[in-house]
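Q: just coords:
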């Protein structure tokens with residue numbers, strides 16, 4: 001993975017069209033900004049029950065976006081990441097239709113996970129209440145087969161997203177087929193979506209259990225044999241994130257977004273600094289994604305009966321959620337929890353820009369912190385344009401996460417790129433891509449609780465971030481021709497070509 005900033009985007013929601021339109025955007029107004037692009041679900045269909053995360057055919061590019069040749073063409077410009085929806089498939093898939101028709105005689109009978117397969121001797125109340133699910137209720141849906149037989153299928157997320165048995169030969173064959181399609185068509189990175197829920201075992205939480213880690217090891221090896229790097233997507237207690245980081249190529253730093261918001265809201269970097277001392281370096285740093293702002297990632301462990309504490313006290317976490325609602329003028333409250341049909345228990349749905357009350361200064365400081373941390377920065381398309389909450393889309397779909405999934409027109413993109421906050425963000429991206437200090441050694445320098453002082457050094461090259469969380473002010477210093485000078489956003493910069501590959505990064 002290149003040591004450059006990546007873009008994460010839906011193809012149609014940023015380009016206004018298909019893959020070729022997105023490529024023209026990346027080669028035009030956004031030229032040279034991104035070393036890679038994570039294409040959110042581009043397979044058929046992109047507009048199912050969960051914006052593409054409920055694939056009918058995971059190996060077919062939705063023809064409204066283009067085809068595999070377009071993916072290959074894009075991969076010649078930037079690295080391309082795609083999702084592997086590990087946990088489930090759409091109830092509209094041909095495999096599920098055959099299962100409904102032929103029942104236990106279907107070739108795909110073993111593909112879909114039933115309650116009976118996990119609990120062959122029946123489930124006790126304790127068994128059922130131990131299951132961790134990110135939404136209210138139990139993860140089962142009753143279906144009627146053509147024969148009249150009724151089956152209880154495992155559905156972790158929605159009734160339209162039917163869980164597969166990833167340990168059954170048909171499940172493994174299904175997943176390997178996705179990797180093969182990606183490898184053949186220029187996708188050299190994959191994100192394993194919802195993999196934390198993939199293994200179910202009676203008597204456990206069925207989330208991130210030891211058998212899950214073992215499966216991740218095996219499936220990551222399958223990807224690597226095809227020349228594909230693996231990113232694991234897990235929203236969970238921070239200790240599990242650290243554990244999984246040692247087993248795969250990349251993890252998300254999902255603790256970072258709420259910790260940065262906490263630091264700016266409470267005027268202290270104390271909890272953020274504690275995380276920086278222990279966080280994995282092989283992380284994709286994010287402030288926003290297509291999902292909401294994670295709360296579970298800095299909170300107590302919901303799967304631990306003893307309640308392992310989180311990175312911030314519970315009362316401060318509760319207050320942070322309220323501050324986000326206040327700073328977004330109540331919009332995030334309309335899109336979060338039972339207020340919208342997503343019903344995710346661990347996320348606040350809001351654009352990151354609105355979560356900061358649309359403060360340009362705080363937003364740019366948040367991005368500067370993100371770009372200074374070890375790992376690869378990834379910027380969500382709405383965040384790239386300092387996007388605001390889309391209440392119209394939320395009102396139309398009644399899906400909470402759609403508040404942060406705006407469909408941009410060409411004119412809207414042009415207007416956004418002319419805003420000073422966006423122009424400054426693009427300059428920060430170029431700085432992060434190009435300055436040679438970011439290929440060297442990272443250190444956290446001692447500072448007061450309200451301050452944050454980060455440094456990168458590579459030989460004589462230096463980059464430093466000095467920030468005050470008390471008022472959101474910050475300064476970036478960087479070496480230019482042997483002198484340490486302040487980076488003044490909005491002025492021409494002497495950037496050279498960015499380094500081609502990620503270098504080893506260490507924390508002092």
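A: Nice, thanks for sending it over. Being a predicted model, the structure only gives us computed values, none of them experimental.
Q: list phi and psi for residue 448.
A: With angles defined as degrees, to the nearest 10, residue 448 sits at phi -60, psi 160.
Q: against residue 245, how distant is the residue minimising distance to the centre of the chain?
A: The residue lying closest to the centre of the chain (Cα atoms, centre = their mean) is residue 289, at 5.0 Å. Using Cβ to Cβ, to the nearest Å, residue 289 is found at 18 Å from residue 245. (Each C-beta comes from the backbone N, C-alpha and C, glycine too.)
Q: in a strand, residue 46, correct?
A: No. Using DSSP: H, G, I helix; E, B strand; the rest coil, the secondary structure at residue 46 is coil, not a strand.
Q: so it sits against residue 66, correct?
A: No. Using Cβ atoms under 8 Å, residue 46 makes no contact with residue 66, being 11.4 Å away.
Q: which residue, other than its chain neighbours, is closest to the residue nearest to the centre of the chain?
A: Once flanking residues are discounted, residue 289 sits nearest to residue 380: 5.5 Å by Cβ to Cβ, 6 or more residues apart in numbering.
Q: can you give the contact residues for stretch 407-425?
A: 12-14, 16, 25, 29, 360, 363-364, 367, 379, 381, 384-387, 393, 426, 489-490 (Cβ atoms under 8 Å, 6 or more residues apart in numbering).
Q: before we move on, the earlier item: mind pulling the model confidence for the residue nearest to the centre of the chain?
A: Here, the pLDDT recorded for residue 289 equals 94.
Q: report the buried residues of stretch 450-467.
A: 450-458, 461-467 (16 or more other Cβ atoms under 10 Å).
Q: over to stretch 211-228?
A: Residues of stretch 211-228 classed as buried by neighbour count (16+ other Cβ under 10 Å): 212-213, 215-216, 219-220, 223, 228.
Q: filter the buried residues of stretch 450-467 down to the ones in strands?
A: Members of the buried residues of stretch 450-467 lying in strands (criterion: DSSP state E): 451-458, 461-467.
Q: ok so, going back, ok, of the contacts of stretch 407-425, which come out buried?
A: 12-14, 16, 25, 360, 363-364, 367, 379, 381, 384-387, 393, 426, 489.
Q: give me the subset of the residues you listed lying in strands.
A: Counting by DSSP E, the buried ones among the contacts of stretch 407-425 contribute residue 379 to strands.
Q: please flag which of the buried ones among the contacts of stretch 407-425 sit within helices.
A: 12-14, 25, 360, 363-364, 367, 381, 384, 393, 426 (DSSP state H).
Q: rewinding a little: could the buried residues of stretch 211-228 go into a markdown table alongside distance to residue 275?
A: Converted to a markdown table, those look like this (distance: Cβ to Cβ, whole Å):
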| residue | distance to residue 275 |
| --- | --- |
| 212 | 23 |
| 213 | 22 |
| 215 | 27 |
| 216 | 23 |
| 219 | 28 |
| 220 | 25 |
| 223 | 28 |
| 228 | 29 |
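Q: low-confidence ranges, the stretch 201-350 of the chain, go.
A: For the stretch 201-350 of the chain, the stretches flagged by pLDDT under 70 are 305-306, 338-345.
Q: how about the strands in it?
A: Ranges of strands in the stretch 201-350 of the chain, per DSSP state E, counting those that start in this stretch, are 229-232, 250-253, 283-285, 293-294, 347-348.
Q: would you turn those strands into a markdown table with distance to residue 20 and mean neighbour count?
A: Formatted as a markdown table, the strands of the stretch 201-350 of the chain follow (distance: least, Cβ to Cβ, whole Å; neighbours: other Cβ atoms under 10 Å):
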| stretch | distance to residue 20 | mean neighbour count |
| --- | --- | --- |
| strand 229-232 | 25 | 22 |
| strand 250-253 | 28 | 25 |
| strand 283-285 | 26 | 24 |
| strand 293-294 | 32 | 24 |
| strand 347-348 | 33 | 23 |
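Q: tabulate those strands (a markdown table), appending distance to residue 166.
A: Output for these, formatted as a markdown table (distance: least, Cβ to Cβ, whole Å):
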| stretch | distance to residue 166 |
| --- | --- |
| strand 229-232 | 14 |
| strand 250-253 | 19 |
| strand 283-285 | 23 |
| strand 293-294 | 24 |
| strand 347-348 | 24 |
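Q: figure out which of the ones you listed is closest to residue 141.
A: Among the strands of the stretch 201-350 of the chain, the nearest to residue 141 by Cβ to Cβ is strand 347-348 (22.5 Å).
Q: what's the neighbour count on residue 184?
A: Using other Cβ atoms under 10 Å, residue 184 has 12 neighbouring residues.
Q: quick one, what contacts it?
A: Counting by Cβ under 8 Å, 6+ apart, residue 184 has contacts residue 68.
Q: how close does it get to residue 303?
A: Using Cβ to Cβ, residue 184 is found at 38 Å from residue 303.
Q: for residue 187, same thing?
A: On the measure of Cβ to Cβ, residue 187 and residue 303 end up 32 Å apart.
Q: name the residue in these two with the higher neighbour count.
A: Neighbours per residue, other Cβ under 10 Å: of residue 187 and residue 303, the larger number sits with residue 187, 26 against 20.
Q: how about residue 243: what's its closest non-neighbour residue?
A: Nearest residue to residue 243, sequence neighbours excluded (Cβ to Cβ, 6+ apart): residue 213, at 7.3 Å.
Q: quick one: the one you found and residue 247 touch, right?
A: Yes. With contacts counted by Cβ under 8 Å, residue 213 reaches residue 247, the gap being 6.5 Å.
Q: where does the prediction get shaky in the stretch 401-508 of the chain?
A: For the stretch 401-508 of the chain, the stretches with pLDDT under 70 are 490-508.
Q: hey, where'd the helices end up in it?
A: 410-417, 420-434 (DSSP state H, counting those that start in this stretch).
Q: just to revisit the earlier point, so who does the residue nearest to residue 289 touch?
A: By Cβ under 8 Å, 6+ apart, the contact list for residue 380 reads 8-9, 286-290, 352, 404.
Q: roughly how far does it sit from residue 308?
A: For residue 380 relative to residue 308 (Cβ to Cβ), the value is 29 Å.
Q: got it, and residue 172?
A: Distance of residue 172 to residue 308, given as Cβ to Cβ: 33 Å.
Q: same question for residue 140.
A: In terms of Cβ to Cβ, residue 140 sits 28 Å off from residue 308.
Q: of those two, who's got more company?
A: Shown here are residue 140 and residue 308; by other Cβ under 10 Å, residue 140 has more neighbours (18 against 15).
Q: residue contacts, the more buried one?
A: Counting by Cβ under 8 Å, 6+ apart, residue 140 has contacts 115, 152-155.
Q: what do you get if the cut-off is 6 Å, keeping everything else the same?
A: By Cβ atoms under 6 Å, 6 or more residues apart in numbering, the contact set of residue 140 is 115, 152.
Q: cool, and the one 4 residues further on?
A: The contact partners of residue 144, by Cβ under 6 Å, 6+ apart, come to residue 150.
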